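Chemist: predicted model, plus sequence, below.
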Amino acid sequence: MLERINLSQPGDPRADEEWLVTNGLGGYASGTIHGAPTRRYHGVLIAALQNPFGRMMMVNGLLERLRLPDRRAFFISAQELTGHLPEQSLGLADFYLEDGLPVWRYAVGGLLLEKRLFMVHRQNTVHVTYRLLEGPGPIRLGLRPAINIRPHDAAVGSGPAHLYKVIASGDQYEVFAGADLPPVRMVVEGSPAAFTIEDRTTAAIPYRTEQSRGYDSVGSLWSPGFFRVDLTSEVPITFIASTENWDVMRALSAEESATAERQRRQALLFAAGPVSSGGLGYELTLAADQFLITPAGRAEDTARAYAMGDEVRSMIAGYHWFTDWGRDTMISLEGLTLTTGRLNEAKYILRTFAHYIRDGLIPNLFPEGEKEGLYHTADATLWYFHALDRYLDCSQDRQTLLLLLPKLLDIVEWHIKGTRFGIRVDPADDLLSQGAEGYQLTWMDAKVDDWVVTPRRGKAVEINALWYNTLCLLERWLSEEDRGSDAERIKAHADRARDSFNKRFWYAPGGYLYDVIDGDKGDDTACRPNQIFAISLPHPILDESRWPAVLDVVTKQLLTPVGLRSLAPNDPSYKEKYDGDLRARDAAYHQGTVWAWLIGPYIDAWLKVHPKDPSRARPFLEGLIRHKNDACIGSVSEIFDAEAPFLPRGCIAQAWSVAEVLRCWLKTTQTAME
């Protein structure tokens, strides 16, 4: 299956669209289609290293130069790495994804050159392969690696260029940036290659996206020299860069590695079954794979999991800058693993997070380069119950349920008596309250310095919808295991919470639900998408008689072609655009900005209100289906502006966006067929 983006000339307005390749460890390679870096995260090899390093930019790019038999020389597209197109350059004739991996084709005169890039699975190793498809040969290919070794989210102007050291051994070359970091190991395979030691520093490179986001946006790169090799139509050339040991990175030849990666991807598609049979399902099944990782940095997790006969697994919440987040992982689990037939990985994820339960909470996130998680979340743990329920429904894995059941009951007990950050059940009404000064505990979690933009302290609507769903699930699981007294006690809490919710949360003048009650400033009437969870979850807390009214308000005020707005347009705090510096962006993050993942619960609610009209649910996905070629080719962005043209913003590839679009694409297909 090919996802083609035809670009006839380098000046095409889609030049800033991006590609992403990942390695199953959290590492990645990414850039713009035309090659000029615009983000600090654009590079050929961003390695996921052991803590305390985390993800490190190891190879920023390649300066690619061709010399034809008639001695004319050309750069390949915008890979000058300065953001400006060289005068003598090959035009980008075509760009497409093949099995989810990027392919470029460049042309000049009668010459047609192809470039492919992939990362070896669970290695910090990248392969860039060049083939001469048409035209006279041999041609001289020059490859100059450009380097600024730094944490991947560090400013583009940082990097100790004066500390780099180059060591050569035969056809193998190593660049060292310090005693603690692994070196960048480089080699060219296919034909005999020579390397010329010629260190050079580029001119200042403008990173336009960083500038627009208010960050340091100018930096230089350093190069140790360049490879030169003759390219013919018979033999492809592959540049390999890695932080692995030589015996690991060269265990397979370039051709064998490429074949292995193709076979791995075909196996993923086969395991996914009907969802990957073609079109969107095919593409998003491969996109889903980008987020599923074995965390490279937490060696203790791996040792512990192996000792128990498990594998350690987690999810990257979004590329480029997110790590693994508890909330995002649990929301995404169904779409990324269960929908795609990866049940074992779902089990490993659930068991991995179970180890980190503290005082009735799972971690909100694991910071880059850290061993321990942060726990400032009121909903991630409740989403854990939902994810487990979805997994059990698919797998019937009673062993995992029995293993986790004591921890699940303990979680609920902690919530009832009270745990960290003011998370506790109010004994007056059995509703769940949360909030601590200086913390943002719900998914609407923007914070700038000490400013919590949407604190939502009190009894938040989706937190209580999730709380009721959690109680209902636990009551059922306890009953199935003949723990009747515990089940009855939990059911009593659930019944009382539901009764209190329907008495307290209905905002009659607006015909919808309060967003927060008993908050710092009383009851919050802001019209937000959080109320949709009172309908969409498997055990809806809202009385069915009020479903149509809530769905109608959400549809009229919040629904867009690419998801739900985070705030209704008539609210004085509403922001139309998500742009500017960090403070301006975070001020808009949950104040109107559209979130793609919310289309999932919206469709769930729609199908509950309109069970006999499933054909009208599929069109809600059409805008996001079109979008998959608008930002990161083949994936789904994190957020969008609140008003047309709904420009994509935030992360270029977001786990729960991909997960919910894929899940609902399959769900609306199945529902329409029933």
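Modeler: Sure, I can see it.
Chemist: pLDDT of the host helix or strand of residue 389, averaged?
Modeler: In this assignment (DSSP states H and E), residue 389 forms part of helix 380-395. In this model, helix 380-395 has an average pLDDT of 98.
Chemist: how far does the next helix or strand after it sit from the chain's center?
Modeler: Scanning forward in sequence from helix 380-395 by DSSP H and E, the next helix or strand is helix 398-417. Centroid separation for helix 398-417 versus its chain: 28 Å, with CA atoms, centre = their mean, to the nearest Å.
Chemist: low-confidence regions, the stretch 151-300 of the chain specifically.
Modeler: Scanning the stretch 151-300 of the chain with the threshold set as pLDDT under 70 gives 159-162.
Chemist: in it, what residue spans correspond to helices?
Modeler: Here the stretch 151-300 of the chain has its helices, by DSSP state H, counting those that start in this stretch, at 208-212, 246-249, 254-272, 279-289, 299-307.
Chemist: identify whichever of those lies nearest to residue 627.
Modeler: helix 279-289 (11.1 Å; CB to CB). C-beta here means a position set from N, CA and C on the backbone, and glycine is covered the same way.
Chemist: how about stretch 47-62: buried residues?
Modeler: 47-49, 51, 53-62 (16 or more other CB atoms under 10 Å).
Chemist: these: which two are farthest apart?
Modeler: It's 51 and 62 that sit farthest apart of the buried residues of stretch 47-62, by CB to CB, at 28.8 Å.
Chemist: tell me how many other residues crowd the closest residue in space to residue 317 that isn't next to it in sequence.
Modeler: Spatially, and ignoring its direct neighbours in sequence, residue 317 is nearest to residue 328 (3.8 Å; CB to CB, 6 or more residues apart in numbering). By other CB atoms under 10 Å, the residues close to residue 328 number 26.
Chemist: quick one: residue 328 and residue 658 touch, right?
Modeler: No. Residue 328 lies out of contact with residue 658 (CB atoms under 8 Å); the separation is 11.1 Å.
Chemist: from the contact counts, what lies against the one helix or strand residue 48 maps to?
Modeler: Residue 48 is located in strand 43-49, with elements delineated by DSSP H and E. Applying 3 or more CB pairs under 8 Å, 6 or more residues apart in numbering; DSSP states H and E, we find strand 43-49 packed against strand 28-32, strand 54-59, strand 61-67, strand 125-134, strand 237-242.
Chemist: can you rerun that using 6 Å?
Modeler: For strand 43-49, the elements it packs on are strand 54-59, judged by 3 or more CB pairs under 6 Å, 6 or more residues apart in numbering; DSSP states H and E.
Chemist: and the angle from the strand it packs on to strand 43-49?
Modeler: Strand 54-59 and strand 43-49 meet at an angle of 150 degrees, taking axes from the mean of the first three to the mean of the last three CA atoms, to 10 degrees as the criterion.
Chemist: please pick out the residue of the protein most distant from its centre.
Modeler: residue 70 (46.2 Å; CA atoms, centre = their mean).
Chemist: is it correct that it falls within a helix?
Modeler: No. Read with DSSP: H, G, I helix; E, B strand; the rest coil, residue 70 is coil and lies in no helix.
Chemist: start at 37 instead
Modeler: Will do, 37 is the new start, and the previous item becomes residue 106.
Chemist: distance of it from residue 57?
Modeler: As judged by CB to CB, to the nearest Å, residue 106 and residue 57 stand 34 Å apart.
Chemist: on that earlier part again, other SSEs contacting the host helix or strand of the residue nearest to residue 353?
Modeler: Using DSSP H and E, residue 364 sits in helix 362-369. In terms of contacts (3+ CB pairs under 6 Å, 6+ apart), helix 362-369 is packed against helix 416-431, helix 691-709.
Chemist: off-centre distance for the last one?
Modeler: Taking CA atoms, centre = their mean, one finds the center of helix 691-709 at 17 Å from the center of the full chain.
Chemist: following the helix or strand of the chain with the lowest mean pLDDT, which helix or strand comes up?
Modeler: Every helix and strand of the chain was ranked by mean pLDDT, DSSP states H and E. The lowest is strand 38-41, at a mean of 45. Going down the chain from strand 38-41, the next helix or strand is strand 54-58, by DSSP H and E.
Chemist: that following strand to strand 79-85, inter-axis angle?
Modeler: Using the same axes, to 10 degrees: strand 54-58 against strand 79-85 is 30 degrees.
Chemist: CA atoms of strand 54-58 as PDB?
Modeler: Output of strand 54-58 as PDB, limited to C-alpha atoms (Å, rounded to 0.1, in the frame of the first residue of the first chain):
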ATOM      1  CA  GLU A  54       6.700  16.100   8.100                       C
ATOM      2  CA  TRP A  55       7.500  12.400   8.200                       C
ATOM      3  CA  LEU A  56       8.200  10.200  11.200                       C
ATOM      4  CA  VAL A  57      10.000   6.900  11.700                       C
ATOM      5  CA  THR A  58      10.400   5.200  15.100                       C
END
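Chemist: can you name every helix or strand that it contacts?
Modeler: strand 64-68.
Chemist: what sits up against the strand it packs on?
Modeler: 52, 54, 56-58, 74, 78, 80, 82, 162 (CB atoms under 6 Å, 6 or more residues apart in numbering).
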